[in-house]
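Enquirer: return atomic coordinates for the entry below.
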Amino acid sequence: QVQLAESGGGLVRPGGSLRLSCAASGFRLDSYDIGWFRQAPGKEREGVSCISRSGSTTHYVDDVKGRFTMSRDIAKSTVSLQMNSLKPDDTAVYYCMGRNSDYVPYWGQGTQVTVSS
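Expert: Numbering: from 1, shown residues only. Got it, this is the predicted structure:
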């Protein structure tokens, strides 16, 4: 059974950092494309970053380039999102998504990130 579980969210001041983790089970990380998404109140869910199943390609939405870094540890079956220089506009529920070779997506339950002074 494919499962994804996010952790690491919380309250942080502007300019601060958080590291989100996504624990994957039921599949190998190198067999799925993995993405981080976020959804702010009243807004649609948007993609933040993604890594290809080969691990050779990582993409970021323009707003987080240079501030967020996505990585994966296949042995630990975890994907991380290091978020630096956080802004109030980064406040959202962050979701981890895994997509298999048939393009079927699997989602975690999300973790809340709040950036506020």
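
Enquirer: spatially central residue for the protein, please.
Expert: Trp36 (2.9 Å; Cα atoms, centre = their mean).

Enquirer: could you find the closest non-adjacent residue to it?
Expert: Leaving aside its sequence neighbours, Trp36 sits nearest to Val48 (Cβ to Cβ, 6 or more residues apart in numbering; 4.4 Å). All C-beta atoms are positioned from the backbone trio N, CA, C, and that covers glycine.

Enquirer: what does Lys43 give?
Expert: Ala92 (7.8 Å).

Enquirer: Gly9 touches Thr111, doesn't it?
Expert: Yes: Gly9 lies in contact with Thr111 (Cβ atoms under 8 Å); the separation is 3.4 Å.

Enquirer: between the two, which one's more packed in?
Expert: Thr111 (22 against 18; other Cβ atoms under 10 Å).

Enquirer: hang on, His59 packs against Ile34?
Expert: No: applying Cβ under 8 Å as the test, His59 and Ile34 come out as separate, 11.4 Å apart.

Enquirer: overlap of the contact sets of these two?
Expert: 50-51 (Cβ atoms under 8 Å, 6 or more residues apart in numbering).

Enquirer: which stretches of the protein aren't confidently modelled?
Expert: Across the chain, nothing is flagged by pLDDT under 70.

Enquirer: assign Asp89 to helix, strand or coil.
Expert: helix (DSSP: H, G, I helix; E, B strand; the rest coil).

Enquirer: what residues are up against it?
Expert: 40, 63, 115 are the contacts of Asp89 under Cβ under 8 Å, 6+ apart.

Enquirer: kindly provide the distance from the closest residue to the second one other than its chain neighbours to Ser7.
Expert: Right, Asp63. The shortest distance from Asp63 to any non-neighbouring residue, by Cβ to Cβ, 6+ apart, is to Asp89 (7.7 Å). Asp89 sits 22 Å away from Ser7, taking Cβ to Cβ, to the nearest Å as the criterion.
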